[in-house]
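1. model this:
(3 chains)
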Amino acid sequence: MTTAIYSAEITPEIVAQHGLKPEEYLRCCTIMGRAPNLTELGVFSVMWSEHCSYKSSKVHLKTLPTTGPKVICGPGENAGVIDIGDGQAAIFKIESHNHPSFIEPYQGAATGVGGILRDVFTMGARPIANLNALRFGSPDHPKTRHLVAGVVAGIGGYGNCVGVPTVGGETNFHPSYNGNILVNAMTVGLADADKIFYSAAAGPGNPVIYVGAKTGRDGIHGATMASAEFDDESEAKRPTVQVGDPFTEKLLIEACLELMAGDSIVAIQDMGAAGLTSSSVEMAGKGGLGLELDLDRVPVRETGMTPYEIMLSESQERMLMILKPGREADAQRIFQKWELDFAVIGRVTETGKLVLKMDGKTVAELPVEPLVSQAPQYQRPWEPTPAQPEITAASVAPPAGLSDALKQLLASPDIASKRWIWEQYDATVMGDTIQRSGGDAALVRVHGTTKGLALVTDCTPRYCFADPVRGGAQAVVETWRNITATGAMPLAITDNMNFGNPERPRIMGQFVGCIQGIREACIALDYPVVSGNVSLYNETNGQGILPTPVIGGVGLIDDVDKAVGIAPKFEGDSLILIGETRGHLGATLYLREISGREDGAPPEIDLAAERRNGDFVRDRILGGAVSACHDLSDGGLLIGIVEMAMAGGIGIAIEALPGEVPVHAAYFGEDQARYLVATNDADALLAAAKAASVPAMRLGRIAGAILTGPGLDAISVMELRRIHTGWLPAYMAAEPA
Amino acid sequence: MKVKVHVTLKPGVLDPQGTAIGHALGSLGFAGASNVRQGKYIELDLAETDPKVARETAKAMCEKLLANTVIENYAIDLA
Amino acid sequence: MKIAVIVFPGSNCDRDMAVAVEAISGHKPIMIWHRETELPKLDLAILPGGFSYGDYLRSGAMAAHSPVMREIKARADQGLPVLGICNGFQILTEAGMLPGVLMRNRGLKFIHRPVTTRVENHQSVFTRGYQAGQVVTIPIAHADGNYFAAADVLDRIEGEGRVAFRYCDDTGAVTDESNPNGSARNIAGILNETKTVLGYMPHPERVIEPLLGGSDGRALFESLIGALS
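-> Below you'll find the model as predicted:
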């Protein structure tokens, strides 16, 4: 077919409203051998959307390392799966819910949590921890306060109700997110390695089952609502915000896990953002088979729903399953016990087609294989990001007073305590949370064992903006360090690539650069990518967000008793700095908050040093030589020291600083590959470091209730805490402008 | 028959949500709004056609479940 | 010893409770689904925390009318000890087994943090493992923990020694700053008339080993097990 076929039903405008380019629509017609009807067009538009097809990003994502001795299942399924020993597996993924959260922060964030939970328990895992990564606009922006309040309440409202602890997260503020906040949610689950459930359909004739909540008109693409097709009752058919029902999700978790304990399930897939369309197409596509669905049997909560609406609805808390023949009654009994809808809505076929029926008529018939394999893929033009100048420490003026600079940084939005946020999350339900990620990684015990999973999310967008390659690598190494600082071995990551409009070469260049950095770091650290999500077009009026490739890292420690936190425990312990300090001030928080500049190249990433220093620190922790450990990142050495003092409620006397750099650069430089450790035997630790060629020096002593250091006025830990915890509650309580 | 139930906090019971709403109204520039109290609205269809019986049934529903009479009052509308 | 943990749709601390009970008593509790109407012989029934029925309508309101609650009420009337934690406390008040009601926190937000509560009555089967006036640190995790009852009801339960725990600061002083949710007279836990039913907002089952942040919750279970064996 060389020209697209349009009709009264399928006009160029309708096609455009479905986000399909004319050439993409032509390809639909070629695949169909005719013009698609509206329902079929809807299916194409969903499957070929950026969200489902990864059309701008796939060629680059393919370059990431996704295999390794611990990887059981990499990207492509609902979530990634890694081996954590003893026949157990950790299943995890991070996913964005950016746009819906901007429109309706409570429900947007809540349904984001619900969606990522389903991705994980769909694979047979009991969710054991949630994390998140949030980016908001400038605190001065009139919408920010409302968005923070709504997003936090939504994450808490959902996670607390389903009873999965929210153990970690990060929150940044920057004007580039004024029109596009980021809400990335991560779930980690636990399963038996030989009981993982996948989504490929199998067994022609097997029943297709719909379970969970009923289908309504939630989230159906607004643009198509204007078409003539929908003139009657158009008011009632307005697209609505997706609303989450965590209570139903909790029941769905329990019902699915109960059914999964048996052997009735052939394949299972959650109905995510793209609803029944993507779940059915993906199941059929992966199995190389067809599905025939009777839409009259889909449980609906509104009357008069069209096939188009049923297929495109984004109603939450729903799953699609294929069962072994004859198991329907057993399965139904379980779902009825949990008071959930259960319906046999179709069967697996050998036709290779997705056939949809309603009122006894075929309302859509699509060949699955080309729908999946011929999805558009673009090698979008991109420009490398121009290198920023390296800023020398000597060229950056010292602050008027070091103590004032410390206080100012401590109360700055990115460093200030996020206690106001995390107190709204239940972090200890399930009874295995050993530490939440207030310091470095969170640590969650593997239920009934001595093992622990170290979990963290991280990204430093200002680095990614200044140098996407370094920034991408830095996001990876920071999660690796956070996990290492607990004593755990980092195993694998999930990535959430949040960027602006990929059709702009500069933005695409940021994406390509970040991927390169992530790839290099993952390879150097044996830290593969097992799942992920891409969110593009985070842009308003041509103003894109800072490139924000959020990394979610997972590590393992065999004996949680050996893990350490950031809080020093013992009076008289020495504080040791591991790693080299060069006083790098480019693209740092100091530069932004104190000097009022956002320029300069970010710190260099030396992957060999990261590995050497990290392996050294982890060995010392596991050997019992270290009683507390903290990695250095935002704000540099002094902020790291203060964070340890505040966590332990104990003073620190800084007696020496790394030489050969100006004091303000030593305190606030953000050189990488560094850790602070507390030990009662400094000489032994320094000797071991020397033997391992790891830079190390004794900084000072842990004692009392006061922080002292060269050039600093003595300040009590209580006062530091007051400054650190004051900003966010005061900001949230203030009147909107 | 349609039953409409309004559940409200009894006078004197502290209503922090109502207070917060009143505060927000004030900061949005709606001067002179005070004593904001929030409540719940519940609507349901009843097969019963006799209004007297329906009202009794609705009353029982309120007493038993829809309202907590320790802190809440209820009002029933039939339509 | 037969201990039952009652599971409602939306309970989510049922497993935690079972783990704590078994760790301390050595007996695996039986898990009872809310639809059960006949119960085996029991020495203790526990209503765990969570969001039964999503906390829709009012926290605990729908669970209070679950089939199993008729039997729990009847057994409690005959002296069966019943412990309700968090959502379990809310269910007990909604079921009329304890006076008062738990309203939305005065700050309107869900709060999760360790809080200190003072042991007011150390002679009940639940609290005899603590000392009078002991300050225990146990986390709360709730949005509706603001205890309310009419003044005469509060006077009566205080007069009858039925306030089991009050929110306090770490020195044991009962202050407004140490009241996390606005509860009347800082009440965190109350007993029924026979002192055999306890509702308590904090989660003792989460602090039974130092690795998880403390072990102040142990004595509550040890009290019960000591009293029952």
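
2. so what pLDDT did residue 30 get?
-> No chain specified, so I'll use chain A. With respect to pLDDT, residue A:30 scores 95.

3. that's the other chain; I wanted chain B
-> pLDDT, read off for residue B:30, is 88.

4. need the helices for the stretch 201-350 of chain A, in chain order.
-> Taking DSSP state H, counting those that start in this stretch to define them, one finds helices in the stretch 201-350 of chain A at A:246-260, A:275-287, A:307-312, A:328-337.

5. quick one, the longest one and helix A:328-337 angle?
-> In this structure, helix A:246-260 runs at an angle of 150 degrees to helix A:328-337, with axes from the mean of the first three to the mean of the last three Cα atoms, to 10 degrees as the basis.

6. Does the host helix or strand of residue A:612 reach chain C?
-> Assigned by DSSP states H and E, residue A:612 falls within helix A:607-622. No: using Cβ under 8 Å from any Cβ of the partner chain, helix A:607-622 never reaches chain C; the gap is at least 16.0 Å. (C-beta placed from N, C-alpha, C; glycine too.)

7. So the residue in the stretch 551-700 of chain A that chain B sits nearest to versus residue A:133, what's the distance?
-> Residue nearest to chain B within the stretch 551-700 of chain A: residue A:593 (29.1 Å; Cβ to the nearest Cβ). Plainly put, residue A:593 is 21 Å away from residue A:133 if you go by Cβ to Cβ, to the nearest Å.

8. go on, residue C:72?
-> 43 Å.

9. mind listing what's buried in the helix-or-strand element of chain C with minimal mean pLDDT?
-> Lowest by mean pLDDT, DSSP states H and E among the helices and strands of chain C is helix C:218-228, with a mean of 94. With burial defined by 16 or more other Cβ atoms under 10 Å in any protein chain shown, the residues of helix C:218-228 counted as buried are C:218, C:219, C:220, C:221, C:222, C:223, C:224, C:225, C:227.

10. what do you get for stretch C:150-164?
-> For stretch C:150-164, a neighbour-count test (16+ other Cβ under 10 Å) marks C:150, C:154, C:157, C:162, C:163, C:164 as buried.

11. Would you point out the most distant pair within these?
-> Farthest pair in the buried residues of stretch C:150-164 (Cβ to Cβ) is C:150 and C:164. Separation: 19.4 Å.

12. so what pLDDT did the residue lying closest to residue A:260 once chain neighbours are set aside get?
-> Nearest residue to residue A:260 in three dimensions, chain neighbours excluded: residue A:124, at 5.1 Å (Cβ to Cβ, 6 or more residues apart in numbering or on different chains). We have a pLDDT of 97 for residue A:124.

13. Same check on residue A:239?
-> Residue A:239 is given a pLDDT of 52.

14. In chain B, what residue spans correspond to helices?
-> Along chain B, counting by DSSP state H, helices occupy B:16-27, B:51-61.

15. how about the residues of chain B near chain C?
-> B:13, B:14, B:16, B:17, B:20, B:40, B:64, B:65, B:66, B:68, B:70, B:71.

16. What is the most widely separated pair among the residues you listed?
-> B:20 and B:64 (29.8 Å).

17. quick one: residue C:139 from residue C:112, how far?
-> Distance of residue C:139 to residue C:112, given as Cβ to Cβ: 7 Å.

18. Give me the common contacts of the two.
-> Taking Cβ atoms under 8 Å, 6 or more residues apart in numbering or on different chains as the criterion, residue C:139 and residue C:112 both touch residue A:428.

19. Now do the SS call for the closest residue to residue A:74 other than its chain neighbours.
-> Residue nearest to residue A:74 in three dimensions, not counting chain neighbours: residue A:66, with 3.8 Å by Cβ to Cβ, 6+ apart. Following DSSP: H, G, I helix; E, B strand; the rest coil, we place residue A:66 in the coil state.

20. so what's residue A:66 up against?
-> Contacts of residue A:66 (Cβ under 8 Å, 6+ apart): A:74, A:75, A:528, A:529, A:530.

21. For it, give me phi and psi.
-> Main-chain torsions, residue A:66, degrees, to the nearest 10: phi -130, psi 10.

22. and stretch A:453-463, how far apart are its ends?
-> Across stretch A:453-463, the terminal residues are separated by 28 Å (Cα to Cα, to the nearest Å).

23. ditto for stretch C:121-132
-> Note: stretch C:121-132 ends 7 Å apart using Cα to Cα.

24. Please identify the buried residues of that stretch?
-> Those buried within stretch C:121-132 under the rule 16+ other Cβ under 10 Å are C:121, C:122, C:124, C:125, C:126, C:127, C:128, C:129, C:130.

25. In a markdown table, list those residues along with secondary structure, distance to residue A:189 and pLDDT.
-> Output for these, formatted as a markdown table (DSSP: H, G, I helix; E, B strand; the rest coil; distance: Cβ to Cβ, whole Å; pLDDT from 0 to 100):
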| residue | secondary structure | distance to residue A:189 | pLDDT |
| --- | --- | --- | --- |
| C:121 | coil | 42 | 97 |
| C:122 | coil | 42 | 96 |
| C:124 | coil | 40 | 97 |
| C:125 | coil | 38 | 97 |
| C:126 | coil | 35 | 97 |
| C:127 | coil | 38 | 97 |
| C:128 | coil | 41 | 96 |
| C:129 | coil | 36 | 96 |
| C:130 | coil | 37 | 97 |
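
26. which among the residues you listed gets closest to residue A:350?
-> Among the buried residues of stretch C:121-132, and counting by Cβ to Cβ, the member closest to residue A:350 is residue C:126, at 63.5 Å.

27. on that earlier part again, the nearest residue to the residue of the stretch 551-700 of chain A closest to chain B once chain neighbours are set aside: helix or strand, and which one exactly?
-> Leaving aside its chain neighbours, residue A:593 sits nearest to residue A:412 (4.7 Å; criterion: Cβ to Cβ, 6+ apart). Here residue A:412 is covered by no helix or strand, with elements defined by DSSP H and E.

28. any idea how far residue A:412 lies from residue B:1?
-> 61 Å.

29. Give me every residue in chain A lying close to chain C.
-> Checking chain A against chain C by Cβ under 8 Å from any Cβ, the hits are A:153, A:156-157, A:160-163, A:245-248, A:250-251, A:337-339, A:422-434, A:445, A:560-561.

30. Just the buried ones from the residues you listed?
-> A:153, A:156-157, A:160-163, A:245-248, A:250-251, A:338, A:422-434, A:445, A:560.

31. Only the buried residues of stretch A:472-482, if you could.
-> By neighbour count, with 16+ other Cβ under 10 Å as the criterion, the buried positions of stretch A:472-482 are A:472, A:473, A:474, A:475, A:476, A:477, A:478, A:479, A:480, A:481, A:482.

32. For residue C:110, list the residues it contacts.
-> A:153, A:156, A:157, A:160, A:424, A:425, A:426, C:141, C:142, C:143.

33. got it, and residue A:112?
-> A:95, A:96, A:97, A:100, A:101, A:154, A:155, A:183, A:184, A:185.

34. The fourth one and residue A:243 touch, don't they?
-> No: under the criterion of Cβ atoms under 8 Å, residue A:100 makes no contact with residue A:243, lying 10.7 Å away.
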